[in-house]
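1. Below is the structure, and that's it, no one-letter string:
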């Protein structure tokens, strides 16, 4: 069977690097034909020399020029180096591509994702913003164009694997597991003193800064609740969260007959990445197997929703729908950025998001009013308004 041709957008971030490892491990199954980074020229140059893609891109035009100079034109034929947002869309719609994996943090991956779908490419989603901000639009376009949206997050990959061949009406609950982050056992009264360094110490995963802070606040699990609502076509009321500190059970599905299916593996992002890229096949690899006897014990507990109001806010955003999830996401991004540079405290992340969401619900100012089933332009407008409002709040 011929290898799948992959376009990797965000190839030098944590997911992108893990994807490179998967591709290097399975050269007969996976071929990277296109790749892009925001500004990491060194990482791009190294990846290009290893995988020999057909085209590449840099979001930063100046970095694109630097990459062109470094690469030269071996054999008299220059490798196409695209730049800017337009360049991401060029890569996402490459005729050679079978699957486009979007691992770009923030909203920059939204338009390339939609472009890939409309070009008939299967979409592997690692960027939460795509389904949080525009889940209704993305899934509608995927159905219209007959393509698959393949989850890369370990939690959604687990649910995807448990659900294969089953209908949404058979589902009683989707159960997302969460490690609980570094403050699972920290009393609420100590939250005001939490430092950035403490928040960046994740107990199970090695991830980027934004995702790690989101794990500490459980906003990551809130974002995943909204993603799951659209990805699997269930109401947010049927999406639950359970704390599982060992991070071995990646998520579960409870069916209407009371049976629960779970997907397990050691906590390594290469597993869900590989499944997204080789689906529907399961391919042998060189990764470590899961030794349950050595792990010994798997435990579960309910999250403390008083300590972590992010789950309540996410449920509200998912229930209200429309532009509210985009506002929820944007306000959190701004609050996390301000926390990281020491401008606000840990508790103010929750407070900022709630304040901005309530302002959006009330509306009254240009761009601030809630809209149901919004087109892309309105989603982007709500995102921009929420960022400005969050900046004003903090």
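-> The structure has been received and is ready for your questions. Quantities reported herein were computed from a predicted structural model and do not represent experimental measurements.

2. For the residue nearest to residue 283 when sequence neighbours are not counted, grab the count of nearby residues.
-> Of all residues not flanking residue 283 in the chain, residue 29 sits nearest, at 5.3 Å (CB to CB, 6 or more residues apart in numbering). Backbone N, C-alpha and C define where each C-beta goes, glycine included. Around residue 29 there are 19 other residues, counting by other CB atoms under 10 Å.

3. And residue 29, how far from residue 54?
-> Here residue 29 is placed at a distance of 18 Å from residue 54 (CB to CB, to the nearest Å).

4. Which SSE is immediately downstream of whichever strand or helix holds residue 20?
-> Assessed by DSSP states H and E, residue 20 sits inside helix 14-25. The C-terminal neighbour of helix 14-25 among helices and strands, as given by DSSP H and E, is strand 30-37.

5. could you point out which element follows that next one?
-> Toward the C-terminus from strand 30-37 - assigned by DSSP H and E - lies helix 41-51.

6. I'd like the distance from that following helix to the chain centre, please.
-> Put simply, helix 41-51 sits 23 Å off its chain's centre (CA atoms, centre = their mean, to the nearest Å).

7. neighbouring contacts of it?
-> 11-12, 17, 20, 23-24, 31-32, 35, 37, 56, 58, 63, 66-67, 70-71, 79 (CB atoms under 8 Å, 6 or more residues apart in numbering).

8. Just name whatever secondary elements the helix or strand containing residue 111 is in contact with.
-> Element membership for residue 111, per DSSP H and E: helix 110-118. When contacts are defined as 3 or more CB pairs under 8 Å, 6 or more residues apart in numbering; DSSP states H and E, helix 110-118 packs onto helix 84-92, strand 99-102, strand 122-125, helix 128-145, helix 376-393.

9. Which residues in it does the neighbour count mark as buried?
-> If you call a residue buried by 16 or more other CB atoms under 10 Å, then helix 110-118 has these buried ones: 110-117.

10. Go through those residues and name the one nearest residue 266.
-> Proximity of these to residue 266 was ranked by CB to CB; the top entry is residue 113 with 29.0 Å.

11. And the closest one, how far from residue 123?
-> 6 Å.

12. Okay, residue 141 and residue 236: tell me how far apart.
-> Applying CB to CB, the value for residue 141 to residue 236 is 21 Å.

13. no wait, residue 216
-> Taking CB to CB, one finds residue 216 at 23 Å from residue 236.

14. ok, and what's touching the helix holding residue 111?
-> Residues from elsewhere that reach helix 110-118, judged by CB under 8 Å, 6+ apart: 7, 9, 85, 88-89, 91-93, 97, 100, 102, 104, 123, 125, 127, 129-130, 133-134, 137-138, 141-142, 145, 147, 149, 376, 379-380.

15. ok so, going back, please list only the buried members of the contacts of helix 41-51.
-> Among those, those scoring as buried are 11-12, 20, 23, 31-32, 35, 37, 56, 58, 63, 66-67, 71, 79 (criterion: 16+ other CB under 10 Å).

16. Can you tell me who residue 125 pairs with across the strands?
-> Listed by DSSP bridges, the beta-bridge partners for residue 125 are residue 102, residue 151.

17. Please find the angle between the direction vectors of the helix holding residue 20 and strand 30-37.
-> If you take axes from the mean of the first three to the mean of the last three CA atoms, to 10 degrees, helix 14-25 sits at 150 degrees to strand 30-37.

18. any idea how far helix 14-25 is from the chain center?
-> Distance of helix 14-25 from its chain centroid, counting by CA atoms, centre = their mean, is 16 Å.

19. list the helices and strands it packs on?
-> Counting by 3+ CB pairs under 8 Å, 6+ apart, helix 14-25 packs on strand 4-9, strand 30-37, helix 41-51, helix 270-278.

20. now that helix and strand 4-9, what's the angle there?
-> Relative orientation of helix 14-25 versus strand 4-9 (the same axes, to 10 degrees): 150 degrees.

21. Need the winner for burial among the helices and strands packed on helix 110-118.
-> Mean neighbour count (mean count of other CB atoms under 10 Å) peaks for strand 99-102 among the helices and strands packed on helix 110-118, with a mean of 27.

22. And for that one, what's in contact with it?
-> Contacts of strand 99-102 with the rest of the structure, by CB under 8 Å, 6+ apart, involve 4-10, 19, 91-92, 109, 112-113, 116, 121-127, 130, 150, 152, 273, 276-277.
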